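Trainee: after the sequence you'll find the predicted model.
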Amino acid sequence: MKFPTAKPASPATRALEVVPPSGPTAWLTTFTAGAMTFLCVFALALSLASGRLATRWSEALAKTATIRLSAPEEQVQIQTDAILATLATTPGIASYRLIDDDETRTLLEPWFGPGLPVEALPIPRLIEVVEADPPYDSLGLKQRLTAEAPGAILDDHTRWRRPLAEAASRIRLLGVLSIALIGATMAAMITLAARAALATNAQEIRVLRLIGARDSYIARAFVRRFTLRTLGGAAIGAAAGLLGVAALPAADAAGGFLTGLGFTGWGWLWPLALPTLAAIVAFLATRRAAFQKLRELT
Amino acid sequence: MISFENVAYSYGGGELLSDVSLKLAPGSFHFLTGPSGAGKSTFLKLAYAELKPTAGRVTLFDNDVTKLSRDDVARTRRRIGIVHQDCKFLDHMTLAANMALPFTVSDRESDPRDLDDLLSWVGLKHLADALPPQLSGGERQRAALARAVIVDPDVILADEPTGNVDWEMSLRILTLLVELNKMGKTILVATHDLNLIRQAKAQIQARVLRIAKHRVQLAGADL
């Protein structure tokens, strides 16, 4: 009799074979990973969209201000001229523009409906001011306007902007928190599944240890299996989530500074990274569970 | 190879083994005997680092077992072939795959022809593609022996290898062990079957260790 001689081999798939196939419960890990990734895509879309919203609102509103003039009828034109003259001599203003009746009507239409007789209403005159870089001194302009045109009020939108931007960044925080929770839940579920699988296969593990298998070899079999399952499930989940997001109605142009719940530009890469991230989570969770469990066996 | 120095082992309550000192020299053939529950299995487990001594020192291939890491234990076991009374296999893999497993787990590959030779040697060539649950007790014992020797270990530890088989099969397994010993392997067989020991002594220079009163003693020629 001759003893078999050892030869180097590439054992990548061999490790998978030493653990028995896990039967009908195997798809639960895939399903969990898929469902979690699907949810994660939406949480991600929410975060990115609210981030965009916060930026857009801050930017759009920060660069413009409105001067509102409410004055007795005979004073309106005089004070308008005074305001325009003041603006012309104020440094830090890129441009300014008197908003005419037609445009005012368009602005008010969403609230009052079409065919509004703007002339008949005591609607204040609006002057849009676009700030330059460096911007004008807001307080100084206010004081000058008060002196020149007592009916003018400068609204630099701060009181609108701040709560909107705050709300948007709060939503983004919630989105990020959701993603973290989804990730942690997935890790927890995979850990439970891996521990169950390790417990089920305690006999096989004992056999393997007895014939000289190192912990890392045994762990590899489980880690590979759970990582691949998670990767597969997450890929399906991410694809389904992306289809769902793509199927959402686009943000309509009338929304102006609103934004759609979706991805733009490089943002589309984020959901594509989710399966990889999920696989990394599965890899770490299973590896930790496996080494913990293996230490209980000799 | 394997040496015990004043080794004791106790399970929670009292001492099962105490003050055990012995050395298994390379190429020796030892039987370990004693009544059930005397500690034969425990002795073997100490010898393959499944258990660590509660006192004294067990040395495997010049390494103190208490200083071995889990990976060191795994590497040490590749030099020790272990055969149990109720030998366990990976039931979802064929007999041939199970035989090759010690190679597989050490990231090496076995030569299929050598595997064939080994299966023929234990008389299981025709069952290479069978699953372990389909084997009889004697076939399982021989398969376990084949798996234990496939990586060419220095030591073979067998715990009641003939416990579940008839006399004829016992003799067959003994013959295999004797052949291995003649090839230079160190053999330690725990058994309570005195007939088997007598049979072995007729064929080979075997020494008998007896566990009595928590101690392991070298038994005389008398049996």
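Mentor: On my side now, so go ahead. All of these numbers come straight from a predicted model, not from anything done at the bench.

Trainee: A:Leu39 and A:Gly237, how far apart?
Mentor: 8 Å (Cβ to Cβ, to the nearest Å). No exception for glycine: its C-beta is placed from N, CA and C like everyone else's.

Trainee: compare those two and say which is more crowded by neighbours.
Mentor: Comparing A:Leu39 with A:Gly237 by other Cβ atoms under 10 Å in any protein chain shown, the one with more neighbours is A:Gly237, at 27 against 18.

Trainee: show me what contacts the more buried one?
Mentor: Taking Cβ atoms under 8 Å, 6 or more residues apart in numbering or on different chains, we find A:Gly237 in contact with A:33-38, A:40-41, A:274-275.

Trainee: which among these end up buried?
Mentor: A:33-38, A:40-41, A:274-275 (16 or more other Cβ atoms under 10 Å in any protein chain shown).

Trainee: ok, and the closest non-adjacent residue to A:Leu87?
Mentor: Leaving aside its chain neighbours, A:Leu87 sits nearest to A:Tyr96 (4.7 Å; criterion: Cβ to Cβ, 6 or more residues apart in numbering or on different chains).

Trainee: is it fair to say that neighbour lies in a strand?
Mentor: Yes. Remark: A:Tyr96 belongs to a strand, assigned using DSSP: H, G, I helix; E, B strand; the rest coil.

Trainee: so what's it bridging to?
Mentor: A:Val129 (DSSP bridges).

Trainee: and it, what pLDDT?
Mentor: On pLDDT, A:Tyr96 comes in at 87.

Trainee: go on, B:Leu145?
Mentor: 88.

Trainee: output the below-cut-off pLDDT ranges for chain A.
Mentor: For chain A, the stretches with pLDDT under 70 are A:1-16, A:23, A:60-62, A:116, A:118-119, A:159, A:250-260, A:298.

Trainee: counting by contacts, list what the longest helix anywhere in it packs against.
Mentor: For chain A, the longest helix by residue count, based on DSSP state H, is helix A:158-200. In terms of contacts (3 or more Cβ pairs under 8 Å, 6 or more residues apart in numbering or on different chains; DSSP states H and E), helix A:158-200 is packed against helix A:26-63, helix A:215-246, helix A:269-296.

Trainee: and the residue lying closest to B:Lys40 once chain neighbours are set aside, what does it touch?
Mentor: Leaving aside its sequence neighbours, B:Lys40 sits nearest to B:Ala190 (Cβ to Cβ, 6+ apart; 4.1 Å). Neighbour list for B:Ala190: B:31-33, B:40-41, B:43-44, B:157-160 [criterion: Cβ under 8 Å, 6+ apart].

Trainee: can you pull the contacts of residue 97?
Mentor: Just going to use chain A. For A:Arg97, the contact set (Cβ under 8 Å, 6+ apart) comprises A:127-128.

Trainee: that's the wrong chain, I wanted chain B
Mentor: Each residue near B:Ala97 by Cβ under 8 Å, 6+ apart is listed here: A:17, B:90, B:104.

Trainee: neighbour count and secondary structure added to the residues you listed, as a markdown table?
Mentor: Converted to a markdown table, the contacts of B:Ala97 look like this (neighbours: other Cβ atoms under 10 Å in any protein chain shown; DSSP: H, G, I helix; E, B strand; the rest coil):
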| residue | neighbour count | secondary structure |
| --- | --- | --- |
| A:Glu17 | 16 | helix |
| B:Leu90 | 21 | coil |
| B:Thr104 | 24 | helix |
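
Trainee: longest helix anywhere in chain B?
Mentor: Identified as the longest helix of chain B according to DSSP H is helix B:167-182.

Trainee: buried ones in the next helix-or-strand element following that one, by neighbour count?
Mentor: Counting by DSSP states H and E, the next helix or strand C-terminal to helix B:167-182 is strand B:186-190. Going by neighbour count (16+ other Cβ under 10 Å), the buried part of strand B:186-190 is B:186-190.

Trainee: check the residues you listed and tell me the two furthest apart.
Mentor: The span of the buried residues of strand B:186-190, defined through Cβ to Cβ, is set by B:Thr186 and B:Ala190 at 14.3 Å.

Trainee: picking up where we left off before, okay if I get the contacts of A:Gly237 as TSV plus distance to chain B?
Mentor: Formatted as TSV, these follow (distance: Cβ to the nearest Cβ, whole Å):
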residue	distance to chain B
A:Ala33	25
A:Gly34	27
A:Ala35	29
A:Met36	30
A:Thr37	31
A:Phe38	33
A:Cys40	35
A:Val41	37
A:Leu274	33
A:Pro275	29
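
Trainee: how much space between the closest residue to A:Thr32 other than its chain neighbours and A:Ala282?
Mentor: Counting by Cβ to Cβ, 6+ apart, A:Thr32 lies nearest to A:Met189, which is 5.0 Å off, once chain neighbours are set aside. To A:Ala282, A:Met189 is 10 Å away according to Cβ to Cβ.

Trainee: neighbour count for these two, which is higher?
Mentor: Per other Cβ under 10 Å, whichever of A:Met189 and A:Ala282 has more neighbours is A:Ala282, with 30 against 19.

Trainee: assign B:Ser18 to helix, strand or coil.
Mentor: Secondary structure assignment for B:Ser18 (three-state DSSP): strand.

Trainee: state the distance from it to chain A.
Mentor: Noted for B:Ser18: a distance of 22 Å to chain A, by Cβ to the nearest Cβ, to the nearest Å.

Trainee: B:Arg215 is in contact with that residue, correct?
Mentor: Yes. The pair B:Ser18 and B:Arg215 passes the contact test of Cβ atoms under 8 Å, sitting 6.6 Å apart.

Trainee: quick revisit: got TSV for the contacts of B:Ala97, with distance to A:Arg195 too?
Mentor: Shown next, in TSV, are the contacts of B:Ala97 (distance: Cβ to Cβ, whole Å):
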residue	distance to A:Arg195
A:Glu17	21
B:Leu90	20
B:Thr104	24
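
Trainee: so which of those is the closest to B:Arg70?
Mentor: Nearest to B:Arg70 among those is B:Thr104, at 18.8 Å by Cβ to Cβ.

Trainee: so that closest one sits against A:Val18, correct?
Mentor: Yes. Using Cβ under 8 Å, B:Thr104 is in contact with A:Val18, at 7.0 Å.

Trainee: show me where chain B has its strands.
Mentor: Applying DSSP state E to chain B gives strands spanning B:2-10, B:15-24, B:29-33, B:55-60, B:63-64, B:80-83, B:108-109, B:155-159, B:186-190, B:207-212, B:215-218.

Trainee: could I get these in CSV, plus columns for mean pLDDT and distance to A:Pro124?
Mentor: Compiled in CSV, these are given as follows (pLDDT from 0 to 100; distance: least, Cβ to Cβ, whole Å):
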stretch, mean pLDDT, distance to A:Pro124
strand B:2-10, 90, 95
strand B:15-24, 88, 98
strand B:29-33, 93, 105
strand B:55-60, 91, 95
strand B:63-64, 91, 92
strand B:80-83, 91, 94
strand B:108-109, 74, 87
strand B:155-159, 92, 99
strand B:186-190, 94, 103
strand B:207-212, 90, 106
strand B:215-218, 85, 106
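
Trainee: nearest to A:Trp57, of those?
Mentor: Among the strands of chain B, strand B:108-109 comes nearest to A:Trp57, with 64.2 Å by Cβ to Cβ.

Trainee: so is that closest one next to chain A?
Mentor: Yes. Shown here: strand B:108-109 in contact with chain A (Cβ under 8 Å from any Cβ of the partner chain) through B:108-109.

Trainee: and that strand, what does it pack against?
Mentor: Using 3+ Cβ pairs under 8 Å, 6+ apart: strand B:108-109 touches strand A:7-8.

Trainee: centroid-nearest residue for chain B?
Mentor: B:Leu157 (1.8 Å; Cα atoms, centre = their mean).

Trainee: which strand residues bridge that one?
Mentor: Beta-bridge partners, per DSSP bridges, of B:Leu157: B:Ile82, B:Leu188.
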